[in-house]
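Colleague: Fold the following.
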Amino acid sequence: MNKKSLLASVLVFVEDSDNDTIQKCLDNLKSQTYKNIEVIISSFKNDNDEEIKLKASKMFLNVRWINQSPNINFINDALKSVNGDIVFYKTINNVLWYPRHIEAHIEDFSREKSLKWSLSHIENKDLSKHQSKFNTLSFRISNPPKMEEIVIDEVCHICNLKTDWTKCVIQDETGTGFLAGNILKQWIEGNARGSIPSEITVIQWVQREESKNNNNKENYESVVGAPSITEIKEDIIESEEGIEIKRIFPTVVGNINFKDYNNNILNNIQQTQEIQSVGIKRTMGMGDVLLVEPIIKSVRNKFPNAEINFYTKYDDAVEYFKNKPDNVINITDQELLKDYLSETNNQIKFDLDLSYESRVGSNFIDAYIESTNTFFENDIDKNIQLEIKEERIIKENYIVVCGDHSGWAGKTWPLSYYEEVINHLQNKGYIVIETGSHHTDLTPTEYHNCEFNIMMNLIAYCDMFIGTDNGPMHISRGFNKPAVLVNGAALSYKANPNRDNVLYIQNSLNKNCGIKHKFFFNLKNNGGLTFMPVTNGDDDCGLHSISSSYVIEGIEKLLNKDYSFEKFNNVGDDIENMKVLTNGSGISLINV
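Modeller: Sure thing, here's the model as predicted:
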C-alpha cells in the first residue's frame, strides 16, 4: 500500500446530537494531519440543521450525510457507504483523537502489508481531576486490553475485512449494551493480523469515584483556579511552503495543587518552536501586578518573537514598566479565580493569580518564575524596574510617607506612630509628603489619597520612602528609592526582591510575624478563599509593638549610611536575638 494514495474513510456517528456537539467532534477531526479522507456523517435525524451541514462541507472536501434509524444494523449499514481503503470510526462522546491518529495508523498499514486491523494506544484521564492523567494503557496485541476497555473510536481496519458490528450488541440482566471489543474476537478467529501504533493516538476522559476521605480544605485547594481546558490543541496551517502545525496550549495556572498538570504543559511548551503569542494574567493587587515586570522581561527573552499580552486590573501601572508587554488588557477582579486566558487566542497562557498565594514560604518572584518556567541569570535581574517620563511635580527634595489602610491589623502601623516620625523629619527640615488614604494632618492635603499617576510621580522623585508592605512600597522599590519598611503580617523582604539601600524593621520575636507568607486558604462558611491573614492571638503580628523610636533610628541610620555589614544568605531565616543583619549590597534588617 502506498501511504499517499490511501483513502481514509471516517464514519462519524452523531446520532441525535445538537449542532454544538457535532461541531466539536468535527473540529477534532479537522485537526488531523492526514488529509486524504472522506467523511460520512451518520445521523438519526432526518432534519439536521442546514447550518451544520454547510459548516461540515466547508471543513472537508469530501463529506456526505446519511440518515439512519437506531437499529441493531446501523453501523453495518453505514459501512456499506464507504469508498476508502481504511475505515475509522468517530463517535460523539468523551473520546478525542490526537492530530496524528489517522496518520499513525496509515503509516502502520503502509509499512506492514499483511495488517488487516489496528487499535490505538489510549490515554485515560479522570474527569474529576483534569490536571493529571489517570493512567496510560500501553497494551500490545500479545497482551490485549480487556474487551470492555476498547471503544469503537480506537478501532480501524481495511475496508474489505469482514466486520459485523451486531456481534458487539450484548444483552444481560442490566439491559442491552454495546461492547466494541467483541469485534476483535471475530477478526482473531478469522486469523486477521492486527497491530497498535507505537504512539498514543486517543485520549478518553473517564469518571472515577471521588475519595470520601478528603477533607473540605484539601478539596477546595485542589480545585480553586482550575484550568477550564486541559488539552493541547494543534491547528493545521496550510501555505505554499507546506503544512505547519501550530500548537495552542491550555492555561498554565498558578495554584500549586495543579503542579503535575502544569509541568506537563510546560514541558510541551519547552519542546515547541516558533511561539507567536504569550498571554500573562495577574489580576490584582497593585504590588502583585508590579512584580510581573521582570517576568515580562524573562518571558520575552525566552520567546523573542512572541507578542506578549498582559491581562490585569491595574493596567495603568504597566505604563511605567521598563520592560513592557506588547498589549495590556484591563480585566476586573471578578476574573481572579477564573481561567480567563482559556478564552483568548494566545498560544501560551500563564495565569499568575494564586501562584504566590498557594506556595507556602515562597516569595512572589520565585512563585512567578516557577509558574512560567523562566529563569534569571542573577538576583538583580529579579528586581522591578520602573521608569517615568513626566517631569517631577515637586521641585524641592522631599520624603514620601505612605501609611497603609488595607484593613489588616498586621499591615497598618498606628497613625500616631506616623505622626511622631513625620514630626521628627519636619523638625530636621525635611519636606514630607503623604500619598495614602491613611494619613495625618501634618502634610499637604492635596497629595492625600492622590490619583495613581500623581503617586507614581511623587514616589519616583522622592529622596526616601517610609511605609509598610503595600503597593506604594513596591513602587518605591521599582524606582530603587532608599526605604525604611515596617514589617508585621507581611514581610517586605519576602514580597520584593530589591534589597538594595533599604532597612526592614520588625518584631521577629512575634510568632505571627510574616503570617501572610504562610497562609492563603481559609475555610469559612463551608470553604473559601481569603487574602486576609488570620492569626492566633496577636492580630497585628508585632507591628504595633514597633514604636516610632525604632523607625526613627532606622531612618537616621539610612540617612547617615550608619549601619554595619554582616553578611547573610537567606533573608528571613533564623534572625532571633540578632540586632542588625545586612548583606553585601547594603541592606539591613533591624529586630526590635
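Colleague: you'd agree residue 364 is up against residue 357?
Modeller: No: contact between residue 364 and residue 357 fails when scored by Cβ atoms under 8 Å: they sit 9.5 Å apart. Every residue, glycine included, has its C-beta placed from N, CA and C.
Colleague: list the contacts for residue 68?
Modeller: Shown in contact with residue 68 (Cβ atoms under 8 Å, 6 or more residues apart in numbering): 42, 43, 44, 74, 77, 78.
Colleague: any idea how far residue 81 is from the third one?
Modeller: For residue 44, the distance to residue 81 (Cβ to Cβ, to the nearest Å) stands at 16 Å.
Colleague: any idea which of the contacts of residue 68 is closest to residue 124?
Modeller: Within the contacts of residue 68, the smallest distance to residue 124 is 26.0 Å, found for residue 42 (Cβ to Cβ).
Colleague: Doesn't that closest one belong to a strand?
Modeller: Yes: membership of residue 42 in a strand is supported by DSSP: H, G, I helix; E, B strand; the rest coil.
Colleague: List the beta-bridge partners for it.
Modeller: Beta bridges link residue 42 to residue 13, residue 66, judged by DSSP bridges.
Colleague: Contacts only, for it.
Modeller: Residue 42 sits next to 11, 12, 13, 14, 15, 65, 66, 68, 74, 78 when contact means Cβ under 8 Å, 6+ apart.
Colleague: Now do the same contact list for residue 281.
Modeller: Counting by Cβ under 8 Å, 6+ apart, residue 281 has contacts 310, 311, 312, 331, 335, 340, 341, 349, 350, 351, 352, 353.
Colleague: what phi and what psi does the backbone show at it?
Modeller: phi -120, psi 130 (degrees, to the nearest 10).
Colleague: heads up, I number from 29, so please use that
Modeller: From this message on, residue numbering opens at 29, which makes the last subject residue 309.
Colleague: which of the contacts of residue 96 count as buried?
Modeller: Using 16 or more other Cβ atoms under 10 Å as the burial test, those include 70, 71, 102, 106 as buried.
Colleague: What is whichever helix or strand the last one is part of packed up against?
Modeller: Using DSSP states H and E, the secondary-structure element containing residue 106 is helix 102-107. Contact analysis of helix 102-107 by 3 or more Cβ pairs under 8 Å, 6 or more residues apart in numbering; DSSP states H and E lists strand 36-43, strand 65-71 as its packing neighbours.
Colleague: now the shortest one against strand 36-43, angle please.
Modeller: In terms of direction (axes from the mean of the first three to the mean of the last three Cα atoms, to 10 degrees), strand 65-71 departs from strand 36-43 by 20 degrees.
Colleague: Strand 65-71: how far from the chain's middle?
Modeller: The chain centre lies 37 Å from the centre of strand 65-71; the measure is Cα atoms, centre = their mean, to the nearest Å.
Colleague: buried set for the very next helix or strand once past it?
Modeller: Later in the chain than strand 65-71, the nearest helix or strand by DSSP H and E is helix 78-87. Across helix 78-87, burial judged by 16+ other Cβ under 10 Å covers 80, 81, 83, 84.
Colleague: Considering the residues you listed, which is situated nearest to residue 56?
Modeller: The shortest approach to residue 56 among those belongs to residue 84, at 13.0 Å (Cβ to Cβ).
Colleague: Next, the contact list for the closest one, please.
Modeller: Neighbouring residues of residue 84 by Cβ under 8 Å, 6+ apart: 50, 54, 67, 69, 91, 93.
Colleague: would JSON lines of the residues you listed with distance to residue 333, pLDDT and neighbour count be doable?
Modeller: Converted to JSON lines, those look like this (distance: Cβ to Cβ, whole Å; pLDDT from 0 to 100; neighbours: other Cβ atoms under 10 Å):
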{"residue": "50", "distance to residue 333": "37", "pLDDT": "90", "neighbour count": "22"}
{"residue": "54", "distance to residue 333": "32", "pLDDT": "92", "neighbour count": "21"}
{"residue": "67", "distance to residue 333": "36", "pLDDT": "96", "neighbour count": "23"}
{"residue": "69", "distance to residue 333": "40", "pLDDT": "94", "neighbour count": "24"}
{"residue": "91", "distance to residue 333": "36", "pLDDT": "93", "neighbour count": "18"}
{"residue": "93", "distance to residue 333": "43", "pLDDT": "92", "neighbour count": "17"}
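Colleague: which residue packs closest to residue 149, ignoring adjacent ones?
Modeller: Nearest non-adjacent residue to residue 149, counting by Cβ to Cβ, 6 or more residues apart in numbering: residue 228, 4.1 Å away.
Colleague: okay, now that neighbour: neighbour count?
Modeller: Counted with other Cβ atoms under 10 Å, the neighbours of residue 228 add up to 17.
Colleague: where does the chain dip in pLDDT?
Modeller: 29-32, 76, 153-174, 201-203, 234-250, 264-273, 433-435, 546-565, 590-620 (pLDDT under 70).
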